[in-house]
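Asker: Generate coordinates for the sequence data below:
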Amino acid sequence: MNDDNSAYSLRSRQQANMAGGINETANGSPRPNTTSSYSSSSSTTTTTTTTTTSMSTRRTSPFLPTPLETLALAAYPALLAFGTLFSVLSPQTRGALYDAAAQSHSPETAPSYFARKDNVFNVVFVKRGWAWITISFFLFVVTHPSFRLNNRNVNSSSSSSSSTSTSASIRKVQTAVARWLLVTAAWALVTQWCFGPPLIDRGFRFTGGRCEVAAEAVAEGVADKADAFTAAACRAAGGRWSGGHDISGHVFLLVLGSFFLLQEVGWVACRAGGLFGGEGGSPREERCVVMADGAVKGAGVEAADGERTRTGELGLGSKFALAVVALCWWMLLMTAIYFHTWFEKFTGLLVAAMAIYPVYILPRWIPALRALIGLPGI
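Answerer: Numbers count the residues shown, from 1 in each chain. You can find the predicted model right below:
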C-alpha cells in the first residue's frame, strides 16, 4: 500500500514539474525540460534572424543623398552658419569697416589677414580654384589603382577576366571624365560665360544691379555699352556693381568643387579600400539605384566582378584631393566670416546644390542617364 502511494506521489510530482518546465529523473531529482529550452532557443534564433534580415534589406532612397552624403552636405551650411555668427559676435569683425560694393575690408583696417582680398590663399587658391580642382581630380584618376588598366587584383592567367577588368577600367575613366565635364560646364555657366554674361552677372542685372562708372562712361560716349553687362568689364572700366543681388561666387565654387572631389574620391576609396565593411568582408554600398525593370537595388550590383576586390591603397592623388577639399572648407569658413551678406552666401550654396543633384543623385533613379555618366566607384 505504501509502495502504491509512493509511486502515485512520484508521478504527481513529475506531472506538476513538467507543467512548470522541469522533469525529474527516476530517483526524483529535478531535470531541466529540454523541450521547453529548445523551443525558447528556437524562438530567440528566429527573432534574431528576422531582425537581421530586416536590417540587411533596409535601403536608402535613390532619390535622396545617403546618410554619409547627408553628413558631408550638412558641413557646408554648418560652416556658413558658424562663420556668419562669428562675424556678428566678434567685436573685431563687427567693428571693422566693410565696403559692400567692393565686397572687402580695407587692408589697413581688416580684422584678419584672411579678411583681405589680397591674402595669398585667396589670390593663389580661390581665384584659380577650378584649376586646383581639375588638377587634383586628374591626378587622382591617373594614380589610383582602381583606374589602372592592368589591375593587380585580376588573375592575369585568365584572358576573360583581364578583358573584363580592362573594359571596366576604361569605362570608369570615361564616366569620371564625363562627370567632370558636366560639373565644369556648371561652373563655367554660373561664373564665366552663359551665351554672354555668366549667370551670376545676369542675376545681378535682373535684380536691378548696374555698373555705376560704366553707365556714366556710356552716357559720355567714352565706353561701350557692353561694359555695363559683366562684372569683369565693370572692374576693368574702374566701375563697381551696385543695387542688385550678387550670388557669392566664392561659396558656389568652394562648395561645388569640394563636394565634386568628395564624391569622386570618397566612393572610389570606400569601395577599393573596403573602408565600410559589409558581410563577408565586402564593402557595404549605401547608394541605391533604380534598375531598368523598376527594382531598387544596391549600386554595387552594377560593378564588374574585378572591381569588388580591395586594393587597400589611398594613393597620392587621393591624398592631394583631400588636402584640396580641406583647404576649400577652410576658405569657405573665411568667406563666411569676412565676405558677403548671409543671403548672398545662402544663394551661392543653393546654386551649388542645384548643380550637384543632376550629376550625382539624378542618375541613381534614371538608368539611361546612369548609362552615360555612371556613378563614382562603379
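Asker: now the strands for the stretch 101-250 of the chain?
Answerer: 104-105, 210-211, 241-242 (DSSP state E, counting those that start in this stretch).
Asker: Tell me which residues are up against stretch 327-341.
Answerer: 75-76, 79-84, 86-87, 90, 93, 100, 103-105, 110-112, 114-115, 121-122, 125-126, 129, 246, 248, 250-251, 254-255, 257-258, 345, 348 (CB atoms under 8 Å, 6 or more residues apart in numbering). Yep, even glycine has a C-beta here, placed from its N, CA and C like the rest.
Asker: Convert the C-alpha atoms of that stretch to PDB, please.
Answerer: Only the C-alpha atoms of stretch 327-341 are listed here, as PDB (Å, rounded to 0.1, in the frame of the first residue of the first chain):
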ATOM      1  CA  LEU A 327      41.600  74.000 -48.000                       C
ATOM      2  CA  CYS A 328      38.300  74.600 -49.700                       C
ATOM      3  CA  TRP A 329      36.500  74.100 -46.400                       C
ATOM      4  CA  TRP A 330      38.900  76.500 -44.600                       C
ATOM      5  CA  MET A 331      38.400  79.200 -47.300                       C
ATOM      6  CA  LEU A 332      34.700  78.700 -47.200                       C
ATOM      7  CA  LEU A 333      34.800  79.400 -43.500                       C
ATOM      8  CA  MET A 334      36.900  82.500 -44.100                       C
ATOM      9  CA  THR A 335      34.400  83.700 -46.800                       C
ATOM     10  CA  ALA A 336      31.500  83.100 -44.300                       C
ATOM     11  CA  ILE A 337      33.200  85.200 -41.700                       C
ATOM     12  CA  TYR A 338      34.600  88.100 -43.700                       C
ATOM     13  CA  PHE A 339      32.800  88.400 -47.100                       C
ATOM     14  CA  HIS A 340      29.300  88.800 -48.500                       C
ATOM     15  CA  THR A 341      25.900  89.000 -46.800                       C
END
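Asker: Please point out which parts of it sit buried.
Answerer: For stretch 327-341, a neighbour-count test (16 or more other CB atoms under 10 Å) marks 327-329, 331-340 as buried.
Asker: Which of these sits closest to Pro67?
Answerer: Trp329 (19.9 Å; CB to CB).
Asker: my guess is Phe137 meets Leu261, correct?
Answerer: Yes - the pair Phe137 / Leu261 is scored as a contact, 6.5 Å apart, by CB atoms under 8 Å.
Asker: which residues are in contact with both of the two?
Answerer: Residues within reach of Phe137 and of Leu261 at once, by CB under 8 Å, 6+ apart, are Ala321.
Asker: one step back: please list only the buried members of the contacts of stretch 327-341.
Answerer: Looks like the contacts of stretch 327-341 have 76, 79-80, 83-84, 87, 93, 103-105, 110-111, 114-115, 122, 125-126, 129, 246, 248, 250-251, 254-255, 257-258, 345, 348 buried, using 16+ other CB under 10 Å.
Asker: Can you flag which of those residues belong to helices?
Answerer: Among these, the members found in helices (DSSP state H) are 76, 79-80, 83-84, 87, 93, 129, 250-251, 254-255, 257-258, 345, 348.
Asker: so where do the helices sit in the stretch 251-378 of the chain?
Answerer: 315-338, 342-360, 362-365, 367-373 (DSSP state H, counting those that start in this stretch).
Asker: Quick one: low-confidence residue ranges for this protein.
Answerer: 1-58, 100-103, 149-165, 213-229, 237, 271-285, 304-313 (pLDDT under 70).
Asker: Longest helix in it, by number of residues?
Answerer: In the chain, assigned by DSSP H, the helix with the most residues is helix 159-191.
Asker: Which strands and helices lie in contact with it?
Answerer: In terms of contacts (3 or more CB pairs under 8 Å, 6 or more residues apart in numbering; DSSP states H and E), helix 159-191 is packed against helix 129-143, helix 199-206, helix 249-273, helix 342-360, helix 367-373.
Asker: coming back round to it: can the helices of the stretch 251-378 of the chain go into TSV with extra columns for distance to Val173?
Answerer: Shown next, in TSV, are those (distance: least, CB to CB, whole Å):
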stretch	distance to Val173
helix 315-338	13
helix 342-360	17
helix 362-365	17
helix 367-373	12
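Asker: burial of the closest residue in space to Pro367 that isn't next to it in sequence, as a residue count?
Answerer: Using CB to CB, 6 or more residues apart in numbering and skipping the chain neighbours, the partner closest in space to Pro367 is Ala292 (4.9 Å). Counted with other CB atoms under 10 Å, residues neighbouring Ala292 total 9.
Asker: Surely Ala292 touches Ile366?
Answerer: No - using CB under 8 Å, Ala292 makes no contact with Ile366, being 10.5 Å away.
Asker: re earlier: quick check: angle from the longest helix of the chain to helix 249-273?
Answerer: Calculated by axes from the mean of the first three to the mean of the last three CA atoms, to 10 degrees, helix 159-191 forms an angle of 170 degrees with helix 249-273.
Asker: and the angle for helix 159-191 with helix 199-206?
Answerer: Going by the same axes, to 10 degrees, helix 159-191 makes 30 degrees with helix 199-206.
Asker: And the ones in helices among the buried ones among the contacts of stretch 327-341, which two are furthest apart?
Answerer: Using CB to CB, the pair of these lying farthest apart is Thr93 and Gly257, separated by 25.7 Å.
Asker: returning to what we had before: out of the strands of the stretch 101-250 of the chain, the one nearest Gly196 is which?
Answerer: Of those, nearest to Gly196 by CB to CB is strand 210-211, at 15.0 Å.
Asker: what about the closest residue to Phe86 other than its chain neighbours, distance to Ser167?
Answerer: Spatial nearest neighbour of Phe86, chain neighbours left out: Ile337 (5.3 Å); criterion: CB to CB, 6+ apart. Per CB to CB, to the nearest Å, Ile337 is found 49 Å from Ser167.
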